[in-house]
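>>> Structure for the following, please:
(one chain, ligands or ions: 1)
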Amino acid sequence: MGEPGGSPNANRIFTVPYDPLTDEQREIRDLVRTLARERVAPRAAEIDKKAEFPWDMVELFREHELFGLPFEEQYGGTGTGALMVIVAIEELSKVCATTGLIMAVQELGSLGIKLAGTDEQKERFLPRLASGEWLPAYALTEPGSGSDSAAMRTEARLDGDAYVLNGGKRFITNAGVAGVYVVFAKTDPEAGHSGISAFVVEADTPGFEVGRIEPKMGIKGSTTGEIFFNDMRVPAENLLGEEGEGFKIAMRVLDRSRPGIAAQGLGLAQGATDYALEYARTRETMGKPIAQHQLIASMLADMETKCEAARGLLYKIGQMIDEGAPDEELTKVSAMAKLYCTDVAMEVTTDAVQILGGYGYMQEYPVERMMRDAKITQIYEGTNQIQRLVIAREMLKENRAFLLAGVA
Ligand SMILES: Cc1cc2nc3c(=O)[nH]c(=O)nc-3n(C[C@H](O)[C@H](O)[C@H](O)COP(=O)(O)OP(=O)(O)OC[C@H]3O[C@@H](n4cnc5c(N)ncnc54)[C@H](O)[C@@H]3O)c2cc1C
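Sure thing, here's the model as predicted:
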């Protein structure tokens, strides 16, 4: 594609995305944006093609201390808050959703320890996650339990000073590359949700095994795989919270990690919009740039508007988390951000492919990868059907009758 240099306003940036960041956060965003453009973007197509975990991107994050973003200063992090993590994921995902996901899972896999860990557990695990020495994973899903996590079969039985875990998990992001896994298992198999407990499991624990790594449609550089526990003894001091609190912990984690997936979706959508815009400026048909055909202009306008609306919702949940909003307020807005940003990701990346015509379908152009990568954002961390159920459930808890006073 030709560079946009031919435009008379080539040096002006017109986009004014919603930007509630502080000066410090803006500086970090600009660093991530520069790294994304200069170091991540040139690798994106190759990461997708080779479908190999991009350890060089991990090194890049380590070198620039980006893994510290989700952590407090006392554990070696930057203490810059949830909104900052969201913005970093968005910037990385504009050019490479696999690399954006590495940041999102650093948050997802650590949140259980951050939210439910004792001081001793936090001191033991968080600094190694904040430095990026360890990548984490969040292990909830099993072959028979995805949306219905209470149906999980993995069991944990207390035996002296350790819990003995037997069972396995499926579709676990970072399987095989993580140093530590937050694993959910049933300590009371008869008790449904209240029988689930959460454990921190180090990857070198005897009885821990990594199984098949799945080939998949998109985010191909990210590992998604099976893990197994065969009479795996996990020290009792690695239990997070109390026995039976695992489901609550899992849901509290998701309330705070779904915005990360929303950010991945928004990054993909904005990246695809930016690419399609530049393409439409230079590709000519019927004697003029396709951007000047009204049907294409209309698509571009819708894409940009959807991205900006998604950004408003996403940054709102980031701000709510940073302001310490209670769980019951986070649940609905987090689900809304995940639902909207990721539906926008699928719509907008599909439109970007359409704007590029036949070229959009070719692997030579990044929108083809972006469209494949976008699909997963509607599925993981709770499918978008589940997000709709969550939002409706939260709505039904609200009492708005007083708003209707006087309505005939
Ligand atoms: C690439 C990838 C990475 C992943 N990473 C992780 C990870 O790191 N950790 C982890 O624990 N899991 C992970 N997952 C699992 C993911 O969260 C689940 O796949 C997802 O929650 C859906 O579960 P399922 O696949 O079992 O689908 P199912 O639950 O079987 O759902 C099948 C379909 O039915 C719909 N459905 C189900 N129940 C209802 C309902 N009550 N009402 C309406 N519709 C419903 C779903 O929306 C879906 O469309 C990952 C999955 C993938 C593909």
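
>>> Which residues of this protein lie near the ligand?
137-141, 146-147, 171-173, 216, 224, 376, 379-383, 385-386, 389 (Cβ under 6 Å from any ligand atom). Bear in mind the C-beta positions are built from the backbone N, C-alpha and C, glycine included.

>>> Just to be sure, which of the residues you listed are found in strands?
Among the residues of the chain next to the ligand, the members found in strands (DSSP state E) are 137-139, 171-173, 224.

>>> can you pull out the strands in the protein?
136-139, 155-159, 162-173, 180-186, 196-202, 208-213, 224-235, 239-240, 284-285, 288-289.

>>> In a markdown table: the ones you listed, plus mean pLDDT, mean neighbour count and distance to Asp343.
As requested, the strands of the chain are exported to a markdown table (pLDDT from 0 to 100; neighbours: other Cβ atoms under 10 Å; distance: least, Cβ to Cβ, whole Å):
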| stretch | mean pLDDT | mean neighbour count | distance to Asp343 |
| --- | --- | --- | --- |
| strand 136-139 | 98 | 26 | 23 |
| strand 155-159 | 98 | 17 | 37 |
| strand 162-173 | 98 | 21 | 21 |
| strand 180-186 | 98 | 26 | 27 |
| strand 196-202 | 98 | 24 | 30 |
| strand 208-213 | 98 | 15 | 28 |
| strand 224-235 | 98 | 19 | 22 |
| strand 239-240 | 98 | 22 | 32 |
| strand 284-285 | 98 | 11 | 30 |
| strand 288-289 | 98 | 12 | 29 |
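
>>> Can you add distance to Tyr18 and give those back as a markdown table?
Below are those laid out as a markdown table (distance: least, Cβ to Cβ, whole Å):
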| stretch | distance to Tyr18 |
| --- | --- |
| strand 136-139 | 29 |
| strand 155-159 | 44 |
| strand 162-173 | 29 |
| strand 180-186 | 32 |
| strand 196-202 | 35 |
| strand 208-213 | 38 |
| strand 224-235 | 32 |
| strand 239-240 | 35 |
| strand 284-285 | 33 |
| strand 288-289 | 28 |
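
>>> Mind checking those strands for the one nearest to Tyr275?
strand 288-289 (15.1 Å; Cβ to Cβ).

>>> What pairs with the closest one, parallel or antiparallel?
Strand pairing for strand 288-289, determined by DSSP bridges: strand 284-285 (antiparallel).

>>> isn't Asp373 right up against Gly218?
Yes: shown here, Asp373 and Gly218 form a contact pair, counting by Cβ atoms under 8 Å, at 4.0 Å.

>>> give the contact list for the residue nearest in space to the middle of the chain.
Nearest to the mean C-alpha position of the chain, by Cα atoms, centre = their mean, lies Ile261 at 2.9 Å. The contact partners of Ile261, by Cβ atoms under 8 Å, 6 or more residues apart in numbering, come to 104, 338, 341-342, 377, 380-381.

>>> how near is it to Gly382?
9 Å (Cβ to Cβ, to the nearest Å).

>>> where do the contact lists of these two overlap?
By the contact definition Cβ under 8 Å, 6+ apart, Ile261 and Gly382 are jointly contacted by Lys338.

>>> Could you export the ones in strands among the residues of the chain next to the ligand to TSV, including columns for distance to Arg62?
Shown next, in TSV, are those (distance: Cβ to Cβ, whole Å):
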residue	distance to Arg62
Ala137	18
Tyr138	21
Ala139	24
Phe171	26
Ile172	22
Thr173	19
Thr224	23
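
>>> Phi, psi for whichever residue of the stretch 1-150 of the chain sits closest to the ligand please.
Closest to the ligand within the stretch 1-150 of the chain is Gly146: 1.8 Å, counting by Cβ to the nearest ligand atom. Backbone geometry at Gly146, expressed as degrees, to the nearest 10, gives phi -110, psi -80.

>>> For it, which non-adjacent residue is spatially closest?
Distances taken as Cβ to Cβ, 6 or more residues apart in numbering place Phe171 nearest to Gly146, at 7.6 Å, with adjacent residues excluded.

>>> quick one, what contacts Trp134?
So Trp134 contacts 125, 128, 178-180 (Cβ under 8 Å, 6+ apart).

>>> so what's the spatially closest residue to it that is not a sequence neighbour scoring on pLDDT?
Distances taken as Cβ to Cβ, 6+ apart put Gly179 closest to Trp134, at 3.4 Å, once the chain neighbours are dropped. The model reports Gly179 with a pLDDT of 98.

>>> any idea how far Ala301 is from the residue nearest to Arg283 when sequence neighbours are not counted?
Nearest non-adjacent residue to Arg283, counting by Cβ to Cβ, 6+ apart: Ile290, 5.0 Å away. Per Cβ to Cβ, Ile290 is found 14 Å from Ala301.

>>> shaky segments in this protein?
1-16 (pLDDT under 70).

>>> would you list every one of the helices in it?
Listed in chain order, the helices of the chain (DSSP state H) span 23-35, 41-50, 55-63, 82-95, 97-116, 119-130, 246-282, 294-322, 327-355, 366-377, 384-397.

>>> how about the fifth one as PDB, C-alpha atoms only?
Extracted as PDB, the C-alpha positions of helix 97-116 are listed here (Å, rounded to 0.1, in the frame of the first residue of the first chain):
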ATOM      1  CA  ALA A  97      -3.200  -9.300  19.000                       C
ATOM      2  CA  THR A  98      -0.900 -12.100  20.100                       C
ATOM      3  CA  THR A  99       1.500  -9.700  21.700                       C
ATOM      4  CA  GLY A 100      -1.400  -7.700  23.200                       C
ATOM      5  CA  LEU A 101      -2.600 -11.000  24.700                       C
ATOM      6  CA  ILE A 102       0.700 -11.500  26.500                       C
ATOM      7  CA  MET A 103       0.000  -8.400  28.500                       C
ATOM      8  CA  ALA A 104      -3.600  -9.300  29.000                       C
ATOM      9  CA  VAL A 105      -2.700 -12.700  30.500                       C
ATOM     10  CA  GLN A 106      -0.100 -11.200  32.700                       C
ATOM     11  CA  GLU A 107      -3.000  -9.500  34.400                       C
ATOM     12  CA  LEU A 108      -5.500 -12.400  34.100                       C
ATOM     13  CA  GLY A 109      -3.100 -14.900  35.600                       C
ATOM     14  CA  SER A 110      -2.000 -12.700  38.400                       C
ATOM     15  CA  LEU A 111      -5.300 -11.200  39.500                       C
ATOM     16  CA  GLY A 112      -6.300 -14.200  41.700                       C
ATOM     17  CA  ILE A 113      -3.100 -13.700  43.800                       C
ATOM     18  CA  LYS A 114      -3.600  -9.900  43.800                       C
ATOM     19  CA  LEU A 115      -7.200 -10.200  44.900                       C
ATOM     20  CA  ALA A 116      -7.200 -13.200  47.300                       C
END
